[in-house]
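>>> Predicted model follows, preceded by the sequence.
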Amino acid sequence: MNYYGAIEAGGTKFVCAVGTENGEIIDKQTFPTETPEETIGRLITFFENHHLTSLGVGSFGPISVAKGKDNYGYITNTPKLAWRNYPLIPELKKRLGIPVSFTTDVNAAALGEISKGAAQGLNSCLYITVGTGIGAGAIVGGELVQSASHPEMGHILIRRSPQDSFKGNCPYHNNCLEGMAAGPALEKRWGQQGKELAGRKEVWELEADYLAQALMQYILILCPEKIIMGGGVMKQQQLFPLIREKLSEYVNGYVDLPDLDQYIVPPGLGDNAGITGALVLALSAE
(Lines give C-alpha, C1' and ligand atoms only; values in the text may rest on other atoms or scores of the structure.)
Protein backbone atom coordinates (compact mmCIF):
# COMPACT_ATOMS: atom_id res chain seq x y z
CA MET A 1 0.00 0.00 0.00
CA ASN A 2 1.18 3.53 -0.82
CA TYR A 3 1.31 6.14 1.92
CA TYR A 4 1.10 9.89 1.46
CA GLY A 5 2.18 12.79 3.65
CA ALA A 6 0.23 15.97 4.40
CA ILE A 7 1.18 19.25 6.08
CA GLU A 8 -1.13 22.04 7.17
CA ALA A 9 1.41 24.77 7.86
CA GLY A 10 -0.06 27.49 10.07
CA GLY A 11 1.29 30.56 11.76
CA THR A 12 1.05 28.94 15.21
CA LYS A 13 1.31 25.22 14.45
CA PHE A 14 2.17 22.65 11.79
CA VAL A 15 -0.21 19.70 11.53
CA CYS A 16 1.46 16.69 9.90
CA ALA A 17 -0.30 13.51 8.84
CA VAL A 18 0.25 10.29 6.93
CA GLY A 19 -2.64 8.71 5.06
CA THR A 20 -3.72 6.36 2.32
CA GLU A 21 -4.96 7.15 -1.17
CA ASN A 22 -8.51 6.72 0.17
CA GLY A 23 -8.00 9.61 2.59
CA GLU A 24 -7.68 7.51 5.75
CA ILE A 25 -5.27 9.17 8.19
CA ILE A 26 -3.11 6.57 9.95
CA ASP A 27 -0.74 8.84 11.87
CA LYS A 28 -0.84 12.50 12.87
CA GLN A 29 1.25 14.92 14.93
CA THR A 30 1.20 18.65 15.63
CA PHE A 31 4.27 20.83 16.16
CA PRO A 32 4.47 24.49 17.21
CA THR A 33 5.56 26.92 14.51
CA GLU A 34 9.00 27.94 15.74
CA THR A 35 12.03 28.76 13.59
CA PRO A 36 12.23 26.98 10.23
CA GLU A 37 15.18 24.91 11.41
CA GLU A 38 13.35 23.67 14.51
CA THR A 39 9.99 23.10 12.84
CA ILE A 40 11.28 21.45 9.66
CA GLY A 41 13.58 19.22 11.71
CA ARG A 42 10.66 17.90 13.73
CA LEU A 43 8.40 17.18 10.79
CA ILE A 44 11.21 15.49 8.84
CA THR A 45 11.75 13.17 11.80
CA PHE A 46 8.03 12.41 11.83
CA PHE A 47 7.80 11.66 8.11
CA GLU A 48 11.01 9.61 8.00
CA ASN A 49 9.24 6.97 10.09
CA HIS A 50 7.01 6.28 7.06
CA HIS A 51 7.81 5.30 3.50
CA LEU A 52 6.01 8.09 1.64
CA THR A 53 5.12 8.24 -2.04
CA SER A 54 4.55 12.01 -2.10
CA LEU A 55 3.63 14.99 0.07
CA GLY A 56 0.94 17.70 -0.06
CA VAL A 57 1.35 21.05 1.70
CA GLY A 58 -1.16 23.78 2.50
CA SER A 59 0.74 26.74 3.91
CA PHE A 60 0.22 30.11 5.52
CA GLY A 61 1.37 32.91 3.27
CA PRO A 62 1.83 34.84 1.22
CA ILE A 63 3.48 32.09 -0.81
CA SER A 64 4.81 31.75 -4.34
CA VAL A 65 2.65 29.26 -6.28
CA ALA A 66 3.72 30.04 -9.87
CA LYS A 67 5.82 27.07 -10.96
CA GLY A 68 7.81 29.09 -13.49
CA LYS A 69 9.21 31.49 -10.91
CA ASP A 70 12.60 31.08 -9.29
CA ASN A 71 11.03 31.35 -5.85
CA TYR A 72 8.30 28.76 -6.44
CA GLY A 73 7.47 27.07 -3.15
CA TYR A 74 8.77 29.91 -0.99
CA ILE A 75 6.91 31.56 1.85
CA THR A 76 7.36 35.19 0.85
CA ASN A 77 6.30 38.43 2.57
CA THR A 78 4.97 36.92 5.78
CA PRO A 79 4.90 38.96 9.02
CA LYS A 80 6.55 35.92 10.67
CA LEU A 81 10.05 37.25 10.07
CA ALA A 82 11.91 33.98 10.60
CA TRP A 83 9.90 32.46 7.73
CA ARG A 84 10.12 35.39 5.31
CA ASN A 85 11.48 34.25 1.93
CA TYR A 86 11.94 30.72 3.26
CA PRO A 87 12.23 27.97 0.58
CA LEU A 88 9.70 25.63 2.17
CA ILE A 89 9.00 23.31 -0.78
CA PRO A 90 12.59 23.14 -2.09
CA GLU A 91 13.73 22.25 1.43
CA LEU A 92 11.11 19.54 1.86
CA LYS A 93 11.95 18.04 -1.54
CA LYS A 94 15.64 18.03 -0.70
CA ARG A 95 15.20 16.52 2.76
CA LEU A 96 12.55 13.91 1.88
CA GLY A 97 13.43 13.15 -1.75
CA ILE A 98 9.79 12.81 -2.87
CA PRO A 99 7.39 14.85 -5.05
CA VAL A 100 5.62 17.69 -3.24
CA SER A 101 2.44 19.58 -4.19
CA PHE A 102 1.83 23.02 -2.69
CA THR A 103 -0.90 25.60 -2.20
CA THR A 104 -2.28 27.95 0.45
CA ASP A 105 -3.77 26.64 3.68
CA VAL A 106 -7.22 27.92 2.72
CA ASN A 107 -7.01 26.43 -0.77
CA ALA A 108 -6.15 23.13 0.87
CA ALA A 109 -9.18 23.47 3.15
CA ALA A 110 -11.40 24.17 0.12
CA LEU A 111 -9.98 21.07 -1.53
CA GLY A 112 -10.70 19.02 1.58
CA GLU A 113 -14.28 20.25 1.80
CA ILE A 114 -15.06 19.61 -1.87
CA SER A 115 -13.47 16.15 -1.69
CA LYS A 116 -14.88 14.86 1.58
CA GLY A 117 -16.77 17.66 3.36
CA ALA A 118 -19.64 20.10 3.03
CA ALA A 119 -19.11 20.71 -0.71
CA GLN A 120 -18.67 17.08 -1.70
CA GLY A 121 -20.13 16.34 -5.13
CA LEU A 122 -20.10 19.98 -6.25
CA ASN A 123 -17.97 21.62 -8.94
CA SER A 124 -17.13 24.80 -7.02
CA CYS A 125 -16.89 26.13 -3.50
CA LEU A 126 -15.40 28.89 -1.41
CA TYR A 127 -13.71 28.21 1.93
CA ILE A 128 -13.20 31.21 4.25
CA THR A 129 -11.35 31.16 7.53
CA VAL A 130 -12.00 33.95 10.04
CA GLY A 131 -9.56 33.77 12.91
CA THR A 132 -6.21 35.40 13.64
CA GLY A 133 -6.40 36.51 10.02
CA ILE A 134 -8.93 36.17 7.23
CA GLY A 135 -8.21 34.15 4.13
CA ALA A 136 -10.20 32.35 1.47
CA GLY A 137 -9.58 29.56 -0.97
CA ALA A 138 -11.70 28.90 -4.04
CA ILE A 139 -12.37 26.03 -6.40
CA VAL A 140 -14.08 26.91 -9.69
CA GLY A 141 -14.78 24.37 -12.40
CA GLY A 142 -13.13 21.73 -10.26
CA GLU A 143 -9.81 23.60 -10.19
CA LEU A 144 -8.08 25.62 -7.49
CA VAL A 145 -8.05 29.36 -8.20
CA GLN A 146 -4.39 30.31 -8.45
CA SER A 147 -2.08 31.32 -11.28
CA ALA A 148 0.58 34.03 -11.14
CA SER A 149 -0.29 34.21 -7.46
CA HIS A 150 -3.08 33.10 -5.14
CA PRO A 151 -6.19 34.95 -3.96
CA GLU A 152 -5.85 37.27 -0.95
CA MET A 153 -9.54 37.71 -0.30
CA GLY A 154 -9.02 38.76 3.30
CA HIS A 155 -7.58 42.07 2.15
CA ILE A 156 -10.44 43.40 0.05
CA LEU A 157 -11.75 46.81 1.05
CA ILE A 158 -15.16 47.07 2.70
CA ARG A 159 -17.42 49.96 3.65
CA ARG A 160 -17.02 51.04 7.24
CA SER A 161 -20.18 51.16 9.36
CA PRO A 162 -21.09 54.74 10.37
CA GLN A 163 -21.21 53.50 13.98
CA ASP A 164 -17.68 52.07 13.84
CA SER A 165 -14.79 54.41 14.69
CA PHE A 166 -12.15 51.63 14.82
CA LYS A 167 -9.40 52.53 12.35
CA GLY A 168 -8.54 48.94 11.48
CA ASN A 169 -5.80 46.50 12.41
CA CYS A 170 -4.09 45.56 9.14
CA PRO A 171 -0.49 46.87 8.99
CA TYR A 172 -0.81 47.23 5.22
CA HIS A 173 -4.37 48.52 4.67
CA ASN A 174 -5.86 49.39 8.09
CA ASN A 175 -9.55 48.94 7.22
CA CYS A 176 -9.53 45.98 4.84
CA LEU A 177 -11.70 42.99 5.74
CA GLU A 178 -8.97 41.36 7.83
CA GLY A 179 -8.17 44.65 9.53
CA MET A 180 -11.80 45.16 10.51
CA ALA A 181 -13.14 41.65 11.16
CA ALA A 182 -10.36 39.21 12.11
CA GLY A 183 -9.98 38.05 15.70
CA PRO A 184 -7.32 40.64 16.69
CA ALA A 185 -9.54 43.43 15.29
CA LEU A 186 -12.43 42.21 17.42
CA GLU A 187 -10.25 42.24 20.52
CA LYS A 188 -8.77 45.68 19.86
CA ARG A 189 -12.12 47.26 19.02
CA TRP A 190 -14.05 45.84 21.97
CA GLY A 191 -11.27 45.29 24.53
CA GLN A 192 -12.02 41.58 24.95
CA GLN A 193 -11.48 38.37 23.02
CA GLY A 194 -14.35 37.11 20.89
CA LYS A 195 -15.16 34.23 23.23
CA GLU A 196 -15.74 36.77 26.02
CA LEU A 197 -18.12 38.82 23.85
CA ALA A 198 -20.59 36.06 23.03
CA GLY A 199 -23.56 37.79 24.68
CA ARG A 200 -23.10 41.21 23.09
CA LYS A 201 -25.39 41.39 20.07
CA GLU A 202 -23.86 44.61 18.72
CA VAL A 203 -20.47 42.90 18.36
CA TRP A 204 -21.78 40.16 16.13
CA GLU A 205 -24.11 42.34 14.11
CA LEU A 206 -21.15 44.51 13.11
CA GLU A 207 -18.99 41.46 12.43
CA ALA A 208 -21.73 39.92 10.30
CA ASP A 209 -22.13 43.15 8.36
CA TYR A 210 -18.48 43.20 7.32
CA LEU A 211 -18.38 39.51 6.47
CA ALA A 212 -21.62 39.74 4.46
CA GLN A 213 -20.17 42.63 2.43
CA ALA A 214 -17.23 40.42 1.52
CA LEU A 215 -19.44 37.44 0.68
CA MET A 216 -21.49 39.54 -1.71
CA GLN A 217 -18.35 40.46 -3.63
CA TYR A 218 -17.10 36.88 -3.72
CA ILE A 219 -20.50 35.63 -4.93
CA LEU A 220 -20.75 38.23 -7.70
CA ILE A 221 -17.24 37.41 -8.95
CA LEU A 222 -16.87 33.65 -8.40
CA CYS A 223 -20.46 32.30 -8.20
CA PRO A 224 -19.53 29.43 -5.85
CA GLU A 225 -22.02 26.60 -5.34
CA LYS A 226 -21.26 26.48 -1.60
CA ILE A 227 -19.66 28.85 0.91
CA ILE A 228 -17.95 27.27 3.91
CA MET A 229 -16.85 29.46 6.82
CA GLY A 230 -14.41 28.20 9.44
CA GLY A 231 -11.81 29.52 11.86
CA GLY A 232 -11.96 30.50 15.50
CA VAL A 233 -14.27 33.51 15.10
CA MET A 234 -16.82 31.43 13.19
CA LYS A 235 -17.20 29.11 16.16
CA GLN A 236 -19.57 31.83 17.42
CA GLN A 237 -22.59 30.09 15.95
CA GLN A 238 -24.78 33.18 16.26
CA LEU A 239 -22.78 34.63 13.35
CA PHE A 240 -24.22 32.34 10.70
CA PRO A 241 -27.85 33.54 10.81
CA LEU A 242 -26.71 37.17 11.07
CA ILE A 243 -24.43 36.82 8.04
CA ARG A 244 -27.20 35.18 5.99
CA GLU A 245 -29.62 37.96 6.90
CA LYS A 246 -27.14 40.73 6.06
CA LEU A 247 -26.11 39.07 2.80
CA SER A 248 -29.72 38.86 1.67
CA GLU A 249 -30.14 42.57 2.39
CA TYR A 250 -27.01 43.52 0.45
CA VAL A 251 -27.78 41.37 -2.59
CA ASN A 252 -31.34 42.79 -2.56
CA GLY A 253 -32.64 40.34 -5.13
CA TYR A 254 -30.05 41.23 -7.80
CA VAL A 255 -29.01 37.60 -8.18
CA ASP A 256 -30.92 34.49 -7.18
CA LEU A 257 -29.45 33.02 -4.02
CA PRO A 258 -30.06 29.43 -2.94
CA ASP A 259 -31.40 28.53 0.50
CA LEU A 260 -28.87 30.40 2.62
CA ASP A 261 -29.15 27.92 5.50
CA GLN A 262 -27.69 25.31 3.15
CA TYR A 263 -25.46 27.68 1.17
CA ILE A 264 -23.39 29.32 3.92
CA VAL A 265 -22.30 26.59 6.30
CA PRO A 266 -19.56 25.54 8.75
CA PRO A 267 -16.91 23.04 7.59
CA GLY A 268 -18.18 19.51 7.19
CA LEU A 269 -14.72 18.28 8.22
CA GLY A 270 -14.45 20.58 11.23
CA ASP A 271 -10.83 21.40 12.02
CA ASN A 272 -9.58 18.67 9.65
CA ALA A 273 -10.44 20.43 6.39
CA GLY A 274 -6.91 21.70 5.77
CA ILE A 275 -5.04 18.48 6.54
CA THR A 276 -7.54 16.46 4.50
CA GLY A 277 -7.02 18.79 1.54
CA ALA A 278 -3.25 18.53 1.89
CA LEU A 279 -3.58 14.75 1.72
CA VAL A 280 -5.63 15.11 -1.49
CA LEU A 281 -2.89 17.39 -2.85
CA ALA A 282 -0.29 14.69 -2.23
CA LEU A 283 -2.05 12.40 -4.69
CA SER A 284 -1.36 14.87 -7.52
CA ALA A 285 2.22 15.77 -6.55
CA GLU A 286 4.78 15.71 -9.35
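Looks like it arrived, so ask away.

>>> in a helix, that's where I44 is, yeah?
Yes - checked against DSSP: H, G, I helix; E, B strand; the rest coil, I44 lies within a helix.

>>> I'd like to know how far it sits from M229.
Distance, I44 to M229, by C-beta to C-beta, to the nearest Å: 34 Å. Every residue, glycine included, has its C-beta placed from N, CA and C.

>>> now swap in L257 and tell me
Counting by C-beta to C-beta - L257 and M229 are separated by 15 Å.

>>> hey, which helix is longest across the protein?
In terms of residue count, the longest helix belonging to the chain (DSSP state H) is helix 201-222.

>>> The residue nearest in space to the middle of the chain sits in which helix or strand?
Geometric centre of the chain, nearest residue: V106, 2.4 Å, by C-alpha atoms, centre = their mean. Using DSSP states H and E, V106 sits within helix 105-116.

>>> what's that helix packed up against?
On a contact count with 3 or more C-beta pairs under 8 Å, 6 or more residues apart in numbering; DSSP states H and E, helix 105-116 meets strand 3-9, strand 52-59, strand 125-130, strand 134-140, strand 143-144, strand 227-230, helix 273-282.

>>> Looking at these, which is nearest to L186?
Nearest to L186 among these is strand 125-130; the distance by C-beta to C-beta comes to 9.6 Å.

>>> Can you list the strands that the closest one pairs with?
Strand 125-130 sits in its sheet next to strand 134-140 (antiparallel), strand 227-230 (parallel), going by DSSP bridges.

>>> Quick one: mean pLDDT over it.
Mean per-residue pLDDT for strand 125-130: 98.

>>> Kindly calculate the angle that the helix holding V106 makes with strand 125-130.
For helix 105-116 against strand 125-130, the angle between stretch directions is 130 degrees (axes from the mean of the first three to the mean of the last three C-alpha atoms, to 10 degrees).

>>> Quick check: can you list the domain ranges of the protein?
Listed by automatic domain parsing, the domain ranges of the chain are 3-108+271-282, 120-266.

>>> can you list those domains in TSV and add distance to I114?
Below are the domains of the chain laid out as TSV (distance: least, C-beta to C-beta, whole Å):
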stretch	distance to I114
domain 3-108+271-282	9
domain 120-266	5
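
>>> before we move on, back to that, quick one: the helix holding V106 to strand 3-9, angle?
Using the same axes, to 10 degrees: helix 105-116 against strand 3-9 is 140 degrees.

>>> quick one on the thing from earlier: list the contacts for the residue nearest to the centre of the chain?
58, 127-129, 135-137, 274 (C-beta atoms under 8 Å, 6 or more residues apart in numbering).

>>> okay, among the residues you listed, which ones form the most distant pair?
G58 and I128 (14.6 Å).

>>> which of those two has more neighbours?
Neighbours of G58 and I128, each counted by other C-beta atoms under 10 Å, are more numerous for G58; the result is 34 against 26.

>>> so how far is A285 from the residue lying closest to that one once chain neighbours are set aside?
Spatially, and ignoring its direct neighbours in sequence, G58 is nearest to A108 (2.6 Å; C-beta to C-beta, 6 or more residues apart in numbering). The gap separating A108 from A285 is 13 Å, by C-beta to C-beta.

>>> which neighbours do the two share?
Residues within reach of A108 and of A285 at once, by C-beta under 8 Å, 6+ apart, are G56.

>>> out of the two, which sits in the more crowded spot?
A108 (32 against 19).

>>> How confident is the prediction for I7, by pLDDT?
Reported pLDDT for I7: 98.

>>> Check the gap between the residue nearest to it when sequence neighbours are not counted and Q146 for me.
Nearest non-adjacent residue to I7, counting by C-beta to C-beta, 6+ apart: V57, 4.6 Å away. According to C-beta to C-beta, V57 stands 14 Å off from Q146.

>>> Would you agree P36 is in contact with W83?
Yes - P36 is within contact range of W83, at 6.0 Å (criterion: C-beta atoms under 8 Å).
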